[in-house]
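> For reference, the sequence and a predicted model appear below.
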There are 2 protein chains.
Amino acid sequence: MSYHHGNLRQKLLERAAHVIAEQGIESLSLRALARDLGVSHAAPTRHFADKAALLRALATEGSDRFIDYIMTAADEAKDDPLERYAAMGKAYIRFSLTYPAYYRAINHPEVAAHADRKLNESAERRHDMIFEAARAAQAAGWLSDERTEDVMMFSIATVRGAAASLSDPLHGPGEMNLEDEDSTTDELIERIVRLIIDPAAPQKSRGRNAQKNAGTKGRNR
Amino acid sequence: MSYHHGNLRQKLLERAAHVIAEQGIESLSLRALARDLGVSHAAPTRHFADKAALLRALATEGSDRFIDYIMTAADEAKDDPLERYAAMGKAYIRFSLTYPAYYRAINHPEVAAHADRKLNESAERRHDMIFEAARAAQAAGWLSDERTEDVMMFSIATVRGAAASLSDPLHGPGEMNLEDEDSTTDELIERIVRLIIDPAAPQKSRGRNAQKNAGTKGRNR
DNA sequence: CCGCAAAGTTGTCATTGACAACATTGGGGC
DNA sequence: GCCCCAATGTTGTCAATGACAACTTTGCGG
């Protein structure tokens, strides 16, 4: 009864996520994980062939949740395509802060280098999801003269960079004054995404109704 | 004569940069570096107390070159502040592709965690350089109603995300169709930065003169 | 009820970062 | 001109880690 752990695989993933969130992916050690869970140093091998396999599993799980998270946020938004796209952008950044371990696993070079079919398929679903949303926003008039690939590259780059700037303790004191004075993270995300979507939108009404008429004003030509 | 290597410190940095560019920071090993240079495994200790110290040195050197690189690009641009800011954005992305080892070292979490005074000062100079350029662009009318912190966060996030998307082999097949058909990397950078700066700029004339009138048209309110 | 496969264990090896103790060399002070 | 010593490089060692091999325990299904 104490020999078979039962659900070691799941526990390993959970503990790994915890460690990654606390100390980063570099500090992850299979042996330390085993110690934390009170099993022998080689036990993880039964569930993950090597470190890359564990990270790949975490990334795959994370990528799927990422899709759900963003689709949920999109569906909760008004059905104006531009507002929907903005909601997805905000969700993208929020996911990276809410599930840092998933997000880091997804974006870790080592993981991408050892991707398998499932992970690649999930990545492709993510891509298609964003591509379709971008295309819909363009069809509604936003940046409609640009190539969709460029619009998507631009949007993803910005939210990705914002996620990086927000999560890394990185860039020491001075590089990025987050959370200054009276601005919460949510407000900052709101403003950043607004700059992607619609820099000319009226500042005063940028709450839930800010984009009510989006598609007929703002960044259109 | 063969005992004292002479300029081992410099050789170590160069070789480290090479390895990082080829195989990423994770694969960097002090012992492998020593082997490559034909010295004993402990020789690097004389120049860098530990791995973090080597990366810190690389990051500091890189940060200084980063500043020079961007300032040079800025000074070569027309003196319209917006065009200057765009030139800096493009230089930012190009630097990440031209000197991937420097760029990765600068942005590595482990490095930021062990920063010293020199590195922090260089990071601060980078920050100030960009901040001033953003402020000048705003003074010329671009996004002049936004907080400079937000404008800067937005700009940096986008170029940073673009750099990440362009350099990582990451996000397997399908996530990001770089270099499709007839588009070079330089053109892609051009289009991305144009989307930051001036989404309404005329598409036809986006060569060297594209932003000739920037600041009086385009993204202004 | 028992055998076999899943799951866990102990043991070992090569690699690595870090450190200590020792060796070599060349340049500056005398 | 010589010698000392500080800078630089070397050998040796240790603990941690990932990976692998060989063995053990357990419980489930025929």
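Now that the structure is in, tell me what you want to look at.
> What number of residues are in the vicinity of the residue of chain A found nearest DNA strand D?
Closest residue of chain A to DNA strand D, CB to the nearest atom of the strand: A:Asp50 (3.1 Å). The C-beta positions use only the backbone N, C-alpha and C, and glycine is treated the same way. The tally of other residues near A:Asp50 (other CB atoms under 10 Å in any protein chain shown) stands at 12.
> Where does the closest residue to A:Tyr92 other than its chain neighbours sit, in terms of helix or strand?
Of all residues not flanking A:Tyr92 in the chain, A:Val159 sits nearest, at 4.3 Å (CB to CB, 6 or more residues apart in numbering or on different chains). Using DSSP states H and E, A:Val159 sits within helix A:148-167.
> Could you check the angle that helix makes with helix B:148-167?
120 degrees (axes from the mean of the first three to the mean of the last three CA atoms, to 10 degrees).
> Now do helix A:148-167, average pLDDT.
On average, the pLDDT along helix A:148-167 is 96.
> show me the contacts for the residue nearest to A:Tyr92.
A:89, A:92-93, A:192-193, A:196, B:157, B:161 (CB atoms under 8 Å, 6 or more residues apart in numbering or on different chains).
> will you turn those into JSON lines that also has secondary structure?
Putting the contacts of A:Val159 into JSON lines (DSSP: H, G, I helix; E, B strand; the rest coil) gives the following:
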{"residue": "A:Gly89", "secondary structure": "helix"}
{"residue": "A:Tyr92", "secondary structure": "helix"}
{"residue": "A:Ile93", "secondary structure": "helix"}
{"residue": "A:Ile192", "secondary structure": "helix"}
{"residue": "A:Val193", "secondary structure": "helix"}
{"residue": "A:Ile196", "secondary structure": "helix"}
{"residue": "B:Ala157", "secondary structure": "helix"}
{"residue": "B:Gly161", "secondary structure": "helix"}
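> Tell me the buried residues within the residues you listed.
Buried members of those, counted by 16 or more other CB atoms under 10 Å in any protein chain shown: A:89, A:92-93, A:192-193, A:196, B:157, B:161.
> give me the element A:Ile67 is part of.
Using DSSP H and E, A:Ile67 sits within helix A:51-76.
> roughly how far is that helix from the heart of the chain?
Mean-position distance between helix A:51-76 and its chain equals 8 Å (CA atoms, centre = their mean, to the nearest Å).
> what does chain A put close to DNA strand C?
A:3-6, A:8, A:34, A:39-43, A:45-47 (CB under 7 Å from any atom of the strand).
> So which of those wins on neighbours?
A:Ala34 (19 neighbours).
> That one contacts A:Ala43, correct?
Yes. In this structure, A:Ala34 is within contact of A:Ala43 by CB atoms under 8 Å, at 5.4 Å.
> Just give me the neighbour total for A:Arg104.
22.
> what are the phi and psi values for it?
Backbone torsions of A:Arg104, given as degrees, to the nearest 10, read phi -70, psi -40.
> Over to the one 3 residues further on?
Torsion angles at A:Asn107 (phi, psi; degrees, to the nearest 10) stand at phi -100, psi 0.
> how far away is it from chain B?
7 Å (CB to the nearest CB, to the nearest Å).
> quick one, phi psi at A:Arg147?
Per degrees, to the nearest 10, the backbone of A:Arg147 is at phi -70, psi 140.
> re earlier: just the residues of chain A next to DNA strand C: which has the poorest pLDDT?
Note: of these, the lowest pLDDT belongs to A:Tyr3, at 67.
> Pipe the contacts of A:Val159 into CSV and attach distance to DNA strand D per row.
Listed next are the contacts of A:Val159 as CSV, based on distance: CB to the nearest atom of the strand, whole Å:
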residue, distance to DNA strand D
A:Gly89, 35
A:Tyr92, 30
A:Ile93, 30
A:Ile192, 36
A:Val193, 37
A:Ile196, 38
B:Ala157, 32
B:Gly161, 29
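> Now for the residue lying closest to A:Ala139 once chain neighbours are set aside: which residues touch it?
Spatial nearest neighbour of A:Ala139, chain neighbours left out: A:Pro81 (6.8 Å); criterion: CB to CB, 6+ apart. Counting by CB under 8 Å, 6+ apart, A:Pro81 makes contact with A:133, A:136-137, A:139-140, A:142, A:215.
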